[in-house]
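Novice: no FASTA, just this:
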């Protein structure tokens, strides 16, 4: 039975793999190229990079293709690939004040230094299905690109500022937000190199949030916004753009090497605090911070809300409980465990059956 | 040397012997040495992702990958069966990355990786059992917080666990926990034996072999050295009992003293019983070992 | 001084680790480490100890050396051969001692905490000889506890008695404590985890 069963299992797995591939390719459409996914499904690529914890649009797009569009499966592929890569060096901290902004808004103030930049967003698009997209051709593509590029006229207004001052900095200067602590920052935890130990420090929490599954953090943040908790958040600032990644020069101390840039979304939430929150004599607002790879606003806002919620002095709601939030929002872990219930549980079930039957006998 | 020389090829990658890299193995090996010095205590480890999904045996797999060598002989089972699809899949990965010999005969294995069962033939001192664990924390039954359960273990504060078992007895007439029954190791830590049936727990107690347990998703390893006491939690007047197979016989080999799976025939729909340990069942059918009569404990 | 070659990172590590796993899970039993030539090993530092350190250590842990006459030489040799930072003994994860004479540093080994007892040191003690037969001028150790059926008896030469006394003191408050590996130049190794009860003659 052993050999036959093993052969049977092996054949079943192989046939399943072949079936998956067949189902993906048997239609009349030409195979998707990785470039098509990278270029025309950027938000999905960004989401997968964020949840996979690896910034590489090419590999994320490849994973999406392999997963036939399933975002959690694609993030898993990317995460597993990341585990095989050698860690060379840690980058210097990224300065988001110098971000090359492609979108930047604040809900706290109507006008802000540097201005509000709407950028690329679907926020104000009418959600009406556009059937013309079904007939898009290479010709319509060229026309759209040509028309846009012909109409764009850079530099007509005042030149873009090199740095957009943070809204939160303005509030900080007025003492409305706590000052940055004077002490040097401790070495950040690295959640990929050690098992997170609770209570987890903030650097570890922010890392876990950064690669959390979008739907998971959204659900918990939503619970907080709806009233399971006391946050009352305002989006102080949301920025999307490219930030420079640098590493320390190996032998020229004090200088850095620029490796390139990555695109991120960063949100700073300003929240009201209950009087006992603040250690200062005068009450202040409190901050919640969220950032993730790529352009993923729903996730970044949710992370900012959860960062704040998890620092509640008297946690009551699920979104305020560190362990609840952090241990249940990793998509790779949660989907894996969820799926594992499909594995045979004959022995555990047999044990349960045996128990139940014995208990029923006792009742008689 | 340029940056490009340090980078891996964009397309494809190479894997190490037993897949995981030496850094990952070292961390697990350090954890395992401490684990055997602290029987039943859960030692954290980083547990990076593998190509196998979380919850599907990554912990057991990482332990096996960290201990296995080219001369080992591997048996890998799921619910007692070598042919279970997931066992097949894990075996594929291990063989592809090590080239080691595998076996279905538990007597030949030097490393036995298992999900939820121990073989019917007791393991010897030259064999290592690696168990896959979904939920390593036995106190999760009474306490959801990791911070709190860690404190409870550190102080040996297990009162709430006993209260929970007591309430169970009051409500159901007996402790209603099935597989994964909590045990006390070396008179000290309360441990989850992984979802082994109660039938198998005696094989952990004062065993000839070393047992290593890995929980990949929860990022913990722990160990039970040989010749270490492993006692299920029980009340004096409520002795621990195992699953009851009285009057049942394996339809394939005739054993009456093994843990039996209840199966429903594909064609007739009739219920029969067969040995969960398919390797043992095969050995009996081949005449290599005698069929197992009723054991004192079950 | 050049880095010792001849230790295979993958296969020697695995073989060495399996022996160590056996030593600590069967305390007092004797294991045999794969022999590798380390021609530059300083006097008193038994070469198999380097194999053990190369197996167990990387940049995420740190090592130290119990102070002795040859301390600086040992530190330089190990720093050359391990990619592992050197730290004071109170912080170190793996600490090397010469068993011939007792080093006071042994009393400063870290013992972990109640919540994290695994954050404790592993002490490697180089001895002159280990055997399951009697050794001239040696001491008999009777080991019992988890991992041992009844009692394991072994003989050790070149182990100062104070190591065993201080080991007992360090392990008084289980689960905190330290774990010991005794190793000789032939690669014979024995483990004494904190759970073991050791009686010495």
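Specialist: That came in fine, so what should we check first? It should be emphasised that the depicted structure is a prediction, and the values quoted were computed from it without experimental measurement.

Novice: how near is residue C:2 to chain B?
Specialist: 21 Å (C-beta to the nearest C-beta, to the nearest Å). The way it works is simple: take the backbone N, C-alpha and C, and place the C-beta from them, glycine included.

Novice: Tell me how many other residues surround that residue.
Specialist: If you count neighbours by other C-beta atoms under 10 Å in any protein chain shown, residue C:2 ends up with 8.

Novice: Which strand or helix spans residue A:119?
Specialist: Element membership for residue A:119 (DSSP states H and E) is empty, with no helix or strand holding it.

Novice: Show me what from the stretch 251-364 of chain A comes close to chain B.
Specialist: Contact residues (C-beta under 8 Å from any C-beta of the partner chain) of the stretch 251-364 of chain A with chain B: A:323-324, A:327, A:332-333, A:335-340, A:343-348, A:350-355, A:358-359, A:362.

Novice: Output the residue of the stretch 51-200 of chain B whose distance to chain A is smallest.
Specialist: Nearest residue of the stretch 51-200 of chain B to chain A, counting by C-beta to the nearest C-beta: residue B:83, 2.1 Å away.

Novice: Near that residue, how many residues? Count them for me, please.
Specialist: Residue B:83, neighbours per other C-beta under 10 Å, totals 21.

Novice: For it, give its distance to residue A:12.
Specialist: From residue B:83 across to residue A:12, the span is 10 Å (C-beta to C-beta, to the nearest Å).

Novice: Can you give me the distance of residue B:28 to residue C:11?
Specialist: Where residue C:11 is concerned, residue B:28 sits at a distance of 17 Å (C-beta to C-beta).

Novice: circling back: surely the residue of the stretch 51-200 of chain B closest to chain A and residue A:8 touch.
Specialist: Yes. Look at residue B:83 against residue A:8 with C-beta atoms under 8 Å: they come within range, at 6.4 Å.

Novice: for chain B, what spans make up the strands?
Specialist: Across chain B, reading from the start of the chain, the strands by DSSP state E fall at B:43-44, B:73-78, B:101-102, B:111-115, B:128-132, B:183-185, B:189-191, B:210-215, B:220-224, B:230-232, B:260-264, B:271-275.

Novice: Then chain C?
Specialist: Using DSSP E, strands in chain C cover C:31-32, C:63-65, C:94-98, C:122-126, C:129-131, C:139-144, C:152-157, C:179-183, C:188-192, C:197-200.

Novice: cool, and chain A?
Specialist: Using DSSP E, strands in chain A cover A:100-105, A:233-248, A:256-271, A:286-293.

Novice: With mean pLDDT and mean neighbour count added, can I get these in TSV?
Specialist: Below are the strands of chain A laid out as TSV (pLDDT from 0 to 100; neighbours: other C-beta atoms under 10 Å in any protein chain shown):
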stretch	mean pLDDT	mean neighbour count
strand A:100-105	94	17
strand A:233-248	95	20
strand A:256-271	96	20
strand A:286-293	95	24
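
Novice: among these, which is nearest chain C?
Specialist: strand A:233-248 (16.6 Å).

Novice: Next, the angle from the closest one to strand A:286-293.
Specialist: Strand A:233-248 and strand A:286-293 are oriented at 50 degrees to each other (axes from the mean of the first three to the mean of the last three C-alpha atoms, to 10 degrees).

Novice: Check which helices and strands strand A:233-248 is in contact with.
Specialist: In terms of contacts (3 or more C-beta pairs under 8 Å, 6 or more residues apart in numbering or on different chains; DSSP states H and E), strand A:233-248 is packed against strand A:100-105, helix A:167-173, strand A:256-271, helix A:297-309.

Novice: who wins for proximity to residue C:152 among these?
Specialist: helix A:297-309 (53.7 Å; C-beta to C-beta).

Novice: The closest residue to residue B:136 other than its chain neighbours and residue A:290, how far apart?
Specialist: The spatial neighbour of residue B:136 that comes closest, neighbours along the chain excluded (C-beta to C-beta, 6 or more residues apart in numbering or on different chains), is residue B:215 at 4.0 Å. Distance, residue B:215 to residue A:290, by C-beta to C-beta: 30 Å.

Novice: try residue C:175
Specialist: Counting by C-beta to C-beta - residue C:175 and residue A:290 are separated by 39 Å.

Novice: Also residue A:168?
Specialist: Counting by C-beta to C-beta, the gap from residue A:168 to residue A:290 is 13 Å.

Novice: Kindly report the same for residue B:256.
Specialist: Taken as C-beta to C-beta, the span from residue B:256 to residue A:290 is 61 Å.

Novice: May I ask you to confirm that residue A:198 is in contact with residue B:146?
Specialist: Yes. In terms of C-beta under 8 Å, residue A:198 counts as a neighbour of residue B:146; the distance is 4.9 Å.

Novice: More neighbours: which of those two?
Specialist: Shown here are residue A:198 and residue B:146; by other C-beta under 10 Å, residue B:146 has more neighbours (20 against 15).
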